[in-house]
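Enquirer: Build the 3D model from these lines:
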Amino acid sequence: MSLFHALSVSASGLAAQRARAELLVENLANAETTRTPEGGPYRRKDAVFVSAPVESPFSSVFGALSERAGEGVEVGEVVVDSREPERRYVPGHPDADAEGYVAFPRVNPAEDLVDLLNAARSYQANVSAMTAVKDMIQRSLDLLR
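Expert: Model (predicted):
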């Protein structure tokens, strides 16, 4: 695997972790949303990662000299929580049913914050890998001078 391919693999990791972080922030923002345009409370969403082939952006320049980059990562699908909503007794709420219960999303803010921290650390790890590859490329160029 060339250094440029390593950059492409890390870039795919950056994109996947960004998409995961966006979903986690959406979950946190809608943790108390009881009414959506689709009807009912907000449904928690989660990203499922799958491995995916990654091609180097320089492969067209190098043509036959370029080998296949290997496997990166991408968001394969977004899974929506299909469990029944959590029912809380809030009789004065505008969305309360006849018995006074309101359907709330099954979002655990503590769990989503830990997942968001994990996504941020994974993102930073990919940035560090890209920085290391960039430094290797720079040193290679310095040797060729």
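
Enquirer: low-scoring pLDDT stretches of this structure, where are they?
Expert: For the chain, residues meeting the criterion pLDDT under 70 lie at 1, 56-69.

Enquirer: which residue ranges form the helices in it?
Expert: In the chain, the helices defined using DSSP state H lie at 3-29, 59-62, 109-143.

Enquirer: Please spell out which residues along the first one are buried.
Expert: Read it as helix 3-29. For helix 3-29, burial by neighbour count (16 or more other CB atoms under 10 Å) applies to 4-17, 19-21, 23-24, 27. Every residue, glycine included, has its C-beta placed from N, CA and C.

Enquirer: returning to what we had before: so which of the helices of the chain gets nearest residue 95?
Expert: helix 3-29 (17.8 Å; CB to CB).

Enquirer: how many other residues sit next to the residue lying closest to residue 86 once chain neighbours are set aside?
Expert: Spatial nearest neighbour of residue 86, excluding adjacent residues (CB to CB, 6 or more residues apart in numbering): residue 104 at 4.7 Å. A count of nearby residues for residue 104, using other CB atoms under 10 Å, gives 19.

Enquirer: okay, the helices of the chain in JSON lines with distance to residue 100 next?
Expert: Listed next are those as JSON lines, based on distance: least, CB to CB, whole Å:
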{"stretch": "helix 3-29", "distance to residue 100": "26"}
{"stretch": "helix 59-62", "distance to residue 100": "62"}
{"stretch": "helix 109-143", "distance to residue 100": "24"}
